[in-house]
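# Sequence and predicted structure below; questions after.
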Amino acid sequence: MIDSRLTRIAELSRLVRQAVRDKSYVDCPVGLVVAEYLRWKQHEDGAAETTIRDYEIPLAYLCLDHPTLELADLEPPLGRKLIREFVDRHWGTGAPAYARARARAGQRAPRTKAKNLSILSDFFNYCVGEDLMRGSPTVGIRRPKRRDVRRQVYLKDEPGRILAAAPTDREKCAVAIVNEFGLRKSELARLRLRDYDPGRGLLTVVGKGTKTRTLPVVNPQLRALLDPHWADRNEAGDADEYLLYPQKRGRRKNPDGDWIVGVIWEDRHAPLTDAPMHRWWKRRLAAAGVPVTRKMHEMRHTAATELLRSSGNLEVTRQMLGHADIKTTSGYAHLNTDDLAEALELLAAKRAAEAEA
C-alpha cells in the first residue's frame, strides 16, 4: 500500500512540475485565479521571481488535486475541511512515509507545512480582497509549532580561510560581503554592480519582499576588495551585471587551436538561482577545508554575533540584518559565558569607579 501511495505521489509531483512549466494548471477553474494572483503578487506586491516560483508550486498542487472545483467550493466551512486535508496530505501527517522520515531527520516538517499554509492563506486573502470569495478557508487552521532549528556560528578563523580560498576577485568580493554583513543567499544573488557606490561607500541590498536597506562599507579591508573590482567591471561591463552569475567551465579551443580548460559559457546579466548558489558555497567551504555541512545562513548568525559583541547594540544588528522585528534578531545572537564574564567585569569596574568617586 505504501509503495502504491509513493507511486501516486511521485506521479503527482511529476505532473506538478510539468504543469508549472507549461502553465497547464491554469486550465482548472482555480488555476485562472492563481495566474491572476501571481501576476498581482509580482507586479503590485513587488514579489521577486524566486518568491513567485515558491508560491506557484503549492498552488499548482491545489489546482491538480481539485481540478473541477470553483473558488466558491473552497469557501468555509466546507472549504476549510478541504484545505486542511490538502495540507495534511502533502506536508503533514498524511504525507508519504518516506517524506515524513526525511522531514524528521532534517527537522523541517512543521516549517514546510507552515510555509505552504502561509502561501495558501495569502492567496485566499487576495481572493477575499478582490471580492472573489466571502471568506478564506485557511482562517481557523492553526500553524504547526516550529521545532527549534539549532544554528551554529563559524569558528573564528573560518571566514578568513573561506575568503582566502576564493579563486576569483568577484568571488572574493561575494565571500567578503557575506562575512561582513551576513547577507541572505537570495540577497547575495541579487547584488549587481549598480548596488555598490564606491565613492560614498554604500551597498544597497534588496531583501525579502523587495525591501531595500543601505549598508555602509567602512571596513578598509572590504573596500580594498570591492573598489578595484567594481572599477574594473564598470569599465568593462555595465551596471546591470550581477556580482555572481551562471557560468560553465570546460574544455575549449583557443585561437591557436589548442584545447584549454576555461569558461565556455556565462551570462553576467542573470542571477544565480538557489541550487547553483548552494553549490557555489559548498565549493568555497571545500576549498577552504571547512566542513561542507556548514550552512551559508550560519554566516548570517556569525556576522550578527560579531556585530552585537562589538557594539552591544541589538538595534544596529537588526538594521544590518534587515529584520522587521527585533525579536527575530535576538535569535541570531550566539553570545557565550565569555561574553557574559567580560560584561560583568566591565560592570564591576564601573561600580568600583563610582564607589571611589
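That came through, no problem. Residues are numbered from 1 along each chain as shown.

# from memory E56 sits against V20, does it?
Yes. With contact defined as Cβ atoms under 8 Å, E56 counts as touching V20 (5.6 Å). (Each C-beta comes from the backbone N, C-alpha and C, glycine too.)

# Among the two, which residue is more densely surrounded?
E56 (21 against 16; other Cβ atoms under 10 Å).

# For R190, give me its contacts.
The contact partners of R190, by Cβ atoms under 8 Å, 6 or more residues apart in numbering, come to A48, V205, V206, Y242, P271.

# Can you pick out the ones from the residues you listed that are in helices?
Within the contacts of R190, no residue falls in helices by DSSP state H.

# with these in mind, which one is nearest to A353?
Proximity of those to A353 (Cβ to Cβ) peaks at V205, which lies at 41.2 Å.

# quick one: the strands in this structure?
Here the chain has its strands, by DSSP state E, at 196-197, 202-206, 212-216, 247-253, 259-266.

# Adding mean neighbour count and mean pLDDT, write those strands out as a markdown table.
Formatted as a markdown table, the strands of the chain follow (neighbours: other Cβ atoms under 10 Å; pLDDT from 0 to 100):
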| stretch | mean neighbour count | mean pLDDT |
| --- | --- | --- |
| strand 196-197 | 18 | 97 |
| strand 202-206 | 18 | 96 |
| strand 212-216 | 13 | 96 |
| strand 247-253 | 11 | 81 |
| strand 259-266 | 10 | 79 |
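
# so can I have JSON lines of those strands showing distance to K115?
JSON lines is the format used below for these (distance: least, Cβ to Cβ, whole Å):
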{"stretch": "strand 196-197", "distance to K115": "32"}
{"stretch": "strand 202-206", "distance to K115": "21"}
{"stretch": "strand 212-216", "distance to K115": "23"}
{"stretch": "strand 247-253", "distance to K115": "31"}
{"stretch": "strand 259-266", "distance to K115": "33"}
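
# who wins for proximity to H90 among the ones you listed?
Of the strands of the chain, the one closest to H90 (Cβ to Cβ) turns out to be strand 202-206, at 30.7 Å.

# which stretch among the strands of the chain comes nearest K41?
It's strand 202-206; of the strands of the chain, that one is closest to K41 (Cβ to Cβ) at 16.3 Å.

# What are the contacting residues of that closest one?
Against strand 202-206 from outside (Cβ under 8 Å, 6+ apart): 48, 177, 181, 183, 187, 190-191, 195-197, 212-217, 322.

# now that strand and strand 212-216, what's the angle there?
If you take axes from the mean of the first three to the mean of the last three Cα atoms, to 10 degrees, strand 202-206 sits at 150 degrees to strand 212-216.

# Run the chain-centre distance for strand 202-206.
Relative to its parent chain, strand 202-206 has a centroid offset of 17 Å by Cα atoms, centre = their mean, to the nearest Å.

# Could you do stretch 33-51 as well?
With Cα atoms, centre = their mean, you get 17 Å for stretch 33-51.

# average model confidence for it?
Mean per-residue pLDDT for stretch 33-51: 88.

# do the same with stretch 294-310
94.

# now do stretch 66-74
93.

# which residues are contacting that stretch?
By Cβ under 8 Å, 6+ apart, stretch 66-74 touches 28-30, 33, 79, 82-83, 86, 124, 127, 132-133, 137.

# For it, list the C-alpha coordinates in PDB.
Presented in PDB, the C-alpha positions along stretch 66-74 are these (Å, rounded to 0.1, in the frame of the first residue of the first chain):
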ATOM      1  CA  HIS A  66      -9.100  19.700  -7.200                       C
ATOM      2  CA  PRO A  67      -9.200  20.300 -11.000                       C
ATOM      3  CA  THR A  68     -13.000  20.800 -11.200                       C
ATOM      4  CA  LEU A  69     -13.700  22.900  -8.000                       C
ATOM      5  CA  GLU A  70     -14.600  26.600  -8.200                       C
ATOM      6  CA  LEU A  71     -13.500  29.200  -5.600                       C
ATOM      7  CA  ALA A  72     -17.000  29.100  -4.200                       C
ATOM      8  CA  ASP A  73     -16.500  25.400  -3.400                       C
ATOM      9  CA  LEU A  74     -13.500  26.300  -1.200                       C
END
